[in-house]
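Trainee: The following comprises the amino acid sequence and a computationally predicted model.
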Amino acid sequence: MTKAILALEDGSWFEGVSVGAKGDSGGEVVFNTSMIGYQEVLTDPSYKGQIVTMTYPLIGSYGVNSDDLESLQPHVAGFVVREYQRNPSNWRSTDSLDRFLAVHGIVGISGIDTRALTRRLRAEGVMRGIIGSGDMETNTLVSRARNVPGLEGLDLVRKVTTDRPYRWEQSRRIYVDVPNDEPEKIWESFEEPGIYRVVVMDYGVKHNILRNLVRRGCQVLVLPADSTAKQVLRINPTGIMLSNGPGDPGAVQYAIEELKIMISKKPIFGICIGHQLLGMALGGERFKLKFGHRGANQPVKQQESGRVEITAQNHGFAIDASTLDESQIELTHINLNDRTLEGFRHRHYPVFSVQYHPEASPGPHDADYLFDRFIASMQ
């Protein structure tokens with residue numbers, strides 16, 4: 001068992017035991033309140049650049065498997081747990097969490113007081129930090145933590161988006177070349193029929209978003225984040241999905257400018273950073289939350305019905321509701337913990353978005369209606 005240290009930029013540090021890959025890794029230290037779903041957390045591209053602390057104390061008990069991946073590989077900068085379960089027991093398990101982290105080069109630490117760490121992050125806000133394994137000087141790690149880049153102004157979407165268009169069929173990627181002449185013919189290459197043709201703008205898309213669309217009769221074509229409005233509209237989809245993703249939406253200006261063109265042209269549904277980019281394209285301003293929303297137990301109120309949904313969330317930025325033009329935008333969802341904006345829709349176009357993750361199903365079915373609403377908008 002190798003010693004490991006988590007050092008924070010405020011000078012505090014926690015000593016524990018190394019889990020996963022050896023070495024060191026820095027990022028923004030955040031916490032997630034989910035009791036299960038650590039594999040989905042690890043492989044969610046929205047966590048790019050972040051060291052994730054799991055507040056639930058026992059992690060690793062059911063191992064890992066290939067079915068619960070939300071992308072092709074883990075994206076976290078590091079992983080922090082209280083007690084790592086070294087002997088997984090589950091009929092679906094194909095490997096241990098420790099080996100999974102090691103294979104993918106993810107540095108982790110266990111055996112630290114995650115409650116104390118979480119209280120510090122809640123009181124002071126998220127901090128830059130670094131995990132180092134082996135005989136490393138604490139003062140050196142603290143100094144290095146202070147040099148880790150913050151997420152504000154950082155475009156992490158480019159690091160997680162696909163570099164080539166692909167079809168999502170039979171729960172796998174099939175890479176394709178969109179023809180320059182008559183690009184709309186790309187839909188004819190699909191092996192499975194679909195009533196609706198959906199382009200997904202990949203800002204860091206999770207597989208379960210794609211599964212939800214296919215389940216509802218959609219042909220799904222995923223495009224790189226820097227695809228232009230002209231390219232998207234020439235493909236002539238029935239609707240456009242704006243995916244989740246990591247980092248500061250203010251740094252993804254190229255996507256915001258293209259969305260301004262697309263808003264009036266097609267039905268649009270945005271999730272997570274897709275919601276933020278859409279809000280900024282409509283004139284809203286974003287701000288950074290003190291410690292963000294990360295977990296599967298965030299209460300969100302539907303403004304119209306008064307119904308409360310239990311939602312899964314993962315974001316460190318939010319749209320300032322007061323900066324949106326309410327003559328054009330209707331605010332539809334509010335977070336009951338801190339009253340931040342969780343959803344809106346356009347009053348004149350079939351365009352809407354939510355800050356949370358309806359595909360994660362923590363309720364478990366509280367937010368399924370949002371995908372159905374997107375289908376209805378395309379009808």
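Mentor: All right, it came through fine.

Trainee: can you tell me which residues contact the residue most central in space within the chain?
Mentor: By CA atoms, centre = their mean, the chain has its centre lying nearest to S46, at 2.9 Å. The neighbourhood of S46, defined by CB atoms under 8 Å, 6 or more residues apart in numbering, consists of H75, G204, K206, N244, G245, P246, C272, I273, N314, H315. In short, each C-beta sits where N, CA and C put it, glycine included.

Trainee: Quickly find the element holding the residue lying closest to I329 once chain neighbours are set aside.
Mentor: Spatial nearest neighbour of I329, excluding adjacent residues (CB to CB, 6 or more residues apart in numbering): F344 at 5.1 Å. Applying DSSP states H and E as the criterion places F344 in strand 341-346.

Trainee: what's in contact with the next helix or strand after that strand?
Mentor: For strand 341-346, the following helix or strand on the C-terminal side (DSSP H and E) is strand 351-354. Here strand 351-354 makes contact (CB under 8 Å, 6+ apart) with 242, 263, 267-271, 274-275, 278-279, 332-333, 342-346, 367, 370, 373, 377.

Trainee: Out of those, which sit inside helices?
Mentor: Assignment to helices by DSSP state H places the following of the contacts of strand 351-354 there: G274, H275, L278, G279, L370, R373, S377.

Trainee: pLDDT for these - can I get that in CSV?
Mentor: Output for the ones in helices among the contacts of strand 351-354, formatted as CSV (pLDDT from 0 to 100):
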residue, pLDDT
G274, 98
H275, 98
L278, 98
G279, 98
L370, 97
R373, 97
S377, 97
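
Trainee: Closest one to F291 out of the residues you listed, please.
Mentor: If you rank these by distance to F291 using CB to CB, H275 comes first, at 19.2 Å.

Trainee: Can you report how many residues lie near that closest one?
Mentor: H275 has 27 neighbours, counted by other CB atoms under 10 Å.

Trainee: ok, for it, nearest residue in space, not its chain neighbours?
Mentor: Per CB to CB, 6+ apart, closest to H275 is S353, 3.7 Å.

Trainee: Between the ones in helices among the contacts of strand 351-354, which sits nearest M35?
Mentor: Closest approach between the ones in helices among the contacts of strand 351-354 and M35, by CB to CB: L370, at 23.7 Å.

Trainee: Can you report how many residues neighbour that closest one?
Mentor: 21.

Trainee: isn't it right next to M241, touching?
Mentor: No - in this structure, L370 is not within contact of M241 by CB atoms under 8 Å, at 11.1 Å.

Trainee: correct me, but Y254 touches D226?
Mentor: Yes - using CB under 8 Å, Y254 makes contact with D226 at a distance of 5.6 Å.

Trainee: Name the SS class of G284, please.
Mentor: Judged by DSSP: H, G, I helix; E, B strand; the rest coil, the three-state class of G284 is coil.

Trainee: For it, give me its contacts.
Mentor: By CB under 8 Å, 6+ apart, G284 lies in contact with I319, D320, A321, T323, L324.

Trainee: separation between the second one and N90?
Mentor: Just to be clear, that refers to D320. 43 Å (CB to CB, to the nearest Å).

Trainee: Go ahead and confirm T161 touches G204.
Mentor: Yes - between T161 and G204 there is a contact under CB under 8 Å: 6.7 Å.

Trainee: Quick one: the helices in the stretch 201-350 of the chain, in order.
Mentor: Ranges of helices in the stretch 201-350 of the chain, per DSSP state H, counting those that start in this stretch, are 207-215, 229-235, 253-262, 273-281.

Trainee: from those, which stretch is densest packed?
Mentor: When those are scored by mean count of other CB atoms under 10 Å, the highest mean neighbour count falls to helix 273-281 (a mean of 27).
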